[in-house]
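S.K.: I would like the atomic coordinates for the input below:
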Amino acid sequence: MSKERPTTGTDGRPLPTLPPQRDARVWARLVRVMFYTPGFLALLLLKAGEPTSFGITVELLMLSSAAAIVGGLFVATESEGRGADNSSRTGVWSGALVLELLAVVPFLCAVPALFHELASSALLHAKAPEAVNVSLGASELLPMMAILPFMLYQLAGFGTLHFVLSKPVNWVVNIAILGLIIASYVAYREAAYDTERVLTGLLVLGLGATVFFGIMKLKQVQTDYTLRSPPKEEK
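M.R.: Have a look, this model is predicted:
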């Protein structure tokens, strides 16, 4: 059982709030899942040979897969005790931020279009001459429902971003993420691929800037915490 963190520094002032301790093994398993799953789906779409309508979807899936590896690098730097520095103490938190924003969000953005392509691709499943085309209608939006628990994860305080941004800013960022995902899917269904590319580009750039700010903020807060509440030397 981990000891409770001190709340007051050696100078008598309140210490900054740090994210809770994370189990690096759990995040390492998530790295494997987020590497293989989007990568496999991207290869499946490329195999279908219809790049005009899902080129951006493939890019998002490949970003998700590649970002998982980068997140794993951060998680692997985590260390405690003798020899640990402020960067290594924030390894899991930084890796979690990369996975949450640069691996999970692009994957969620790609899933609705991915489902539509897999359901309607004439190359993935040949249609019989007498077969009748049946529109899936609103049921095509079912994969998008995965976005809702992710928003709950972020806004209810489970996400790492909750400890980096103030509550109002965290809400604004996550609502913007949701809005850009929905807008990019609408542009995709309208075959406005230039608009879709701009919207997804804004989403990815915003996520990248947020991750950069978050990692630097986590390191800064950890530095302040360590300076005002030095860890006890191991016996």
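S.K.: For the helix-or-strand element of the chain with minimal mean pLDDT, what is the distance to the chain centroid?
M.R.: Sorting the helices and strands of the chain by mean pLDDT, DSSP states H and E puts helix 86-89 at the bottom, at a mean of 80. Distance of helix 86-89 from the chain centroid (Cα atoms, centre = their mean, to the nearest Å) equals 21 Å.
S.K.: how much space between Trp93 and Tyr225?
M.R.: According to Cβ to Cβ, to the nearest Å, Trp93 and Tyr225 sit 12 Å apart. In this view, the C-beta of every residue, glycine as well, is placed from N, C-alpha and C.
S.K.: Show me which of those two is the more surrounded one.
M.R.: Trp93 (26 against 20; other Cβ atoms under 10 Å).
S.K.: Tell me which stretches of this structure form strands.
M.R.: Under the criterion DSSP state E, the chain contains no strands.
S.K.: Where does the prediction get shaky in it?
M.R.: Counting by pLDDT under 70, the ranges of the chain that qualify are 1-3, 6-7, 48-53, 81-83, 120-140, 233-235.
S.K.: Which helix runs longest in this structure?
M.R.: Criterion DSSP state H: the longest helix present in the chain is helix 193-228.
S.K.: Check which residues of it are buried.
M.R.: 196-197, 199-200, 203-204, 206-207, 210-211, 214-215, 217-219, 221-223, 225, 228 (16 or more other Cβ atoms under 10 Å).
S.K.: go on, stretch 10-23?
M.R.: Going by neighbour count (16+ other Cβ under 10 Å), the buried part of stretch 10-23 is Leu15, Pro16, Leu18, Pro19, Arg22.
S.K.: For Ser87, see how far away the residue nearest to Arg197 when sequence neighbours are not counted is.
M.R.: Spatial nearest neighbour of Arg197, chain neighbours left out: Ile56 (5.8 Å); criterion: Cβ to Cβ, 6 or more residues apart in numbering. Going from Ile56 to Ser87 by Cβ to Cβ gives 34 Å.
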